[in-house]
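Novice: Generate coordinates for the sequence data below:
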Amino acid sequence: MSGGLIALIVVVVIALVVVFWYISTRNGIIDQRNRVDESWSGIDVQLKRRHDLVPNLVETVKGYATHEQQVFENVTKARSDAMAAQTVDEAAKTESQLTRAMADLRAVAEAYPDLKATENFQQLSRNLSELEDEIQASRRIYNSNVQNYNTKIQQFPASIVAKQGNFEDKEFFEIADPAERETPSVSF
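Specialist: As a prediction, this is how the structure comes out:
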């Protein structure tokens, strides 16, 4: 074999390695991005379930505490805002507002022992508590996937592929108010 042919083979092999590396890296980034999107849909499902549960809880409490209209309006508005959120950041902010409004609703319920004793209210409270746990678990999965994805697109040399492919960092789903980091107590 001539030296020119060997050089050509070496160049072709190096080019193939680079092409396979590029394809593998791009596919890995896409895989991570899809995991982030899928885990966000898990949060979205849990938030929808929460949004569906809130009106039932409000109506149950409303029957006992008719003079607490402002609390009911705040919960309803917070739920509506949360349902309208389009980005992760908006969802985090509006869900924080809904959590605060729900805390006010729970405070109203505390003032009515007869309400706390009703089976319907107890079941709704249990459902809400379980749902809050599921939202927290979904949030942890989502944030873990975001962390993996962001790391992958920021590390060299994959960052070259990410920049070329316009892959951008994803936002974490974080709670803005530190007091809300606690799982809400729903022991009525």
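Novice: Contact partners for Thr60?
Specialist: Neighbouring residues of Thr60 by C-beta atoms under 8 Å, 6 or more residues apart in numbering: Leu115, Thr118, Asn120, Phe121, Leu124. To be clear about C-beta, it is placed using only N, CA and C from the backbone, and glycine gets the same treatment.
Novice: Looking at those residues, which are in helices?
Specialist: Leu115, Asn120, Phe121, Leu124 (DSSP state H).
Novice: Give me the neighbour count for Val42.
Specialist: Careful, residue 42 is Gly; it's not Val. Per other C-beta atoms under 10 Å, the neighbour tally for Gly42 reads 17.
Novice: Grab the nearest non-local neighbour of it.
Specialist: Nearest-residue entry for Gly42: Ser138, 4.5 Å, with adjacent residues in sequence omitted and distances by C-beta to C-beta, 6 or more residues apart in numbering.
Novice: Measure how buried the one you found is and give me the count.
Specialist: 20.
Novice: I'd guessed it sits against Ile43; true?
Specialist: Yes - here Ser138 reaches Ile43: they are 4.4 Å apart, a contact under C-beta atoms under 8 Å.
Novice: just to revisit the earlier point, just the mean pLDDT for the strand or helix carrying the residue nearest to Gly42, thanks.
Specialist: Element membership for Ser138 (DSSP states H and E) is helix 119-154. Mean per-residue pLDDT for helix 119-154: 88.
Novice: ok, which stretches of this structure are helices?
Specialist: Counting by DSSP H, the helices of the chain are 3-62, 69-84, 88-110, 113-117, 119-154, 158-164.
Novice: can you tell which of the ones you listed is closest to Glu174?
Specialist: helix 88-110 (5.7 Å; C-beta to C-beta).
Novice: buried stuff in that closest one?
Specialist: 88, 91-102, 104-106, 108-109 (16 or more other C-beta atoms under 10 Å).
Novice: just stretch 146-158 next, same as before
Specialist: Buried, per 16+ other C-beta under 10 Å, within stretch 146-158: Val146, Tyr149, Asn150, Lys152, Ile153, Ala158.
Novice: Of the residues you listed, just say which sits nearest to Thr25.
Specialist: Distances from Thr25 to these, taken by C-beta to C-beta, are shortest for Ala158, at 5.0 Å.
Novice: Not counting sequence-adjacent ones, nearest residue to that closest one?
Specialist: Thr25 (5.0 Å).
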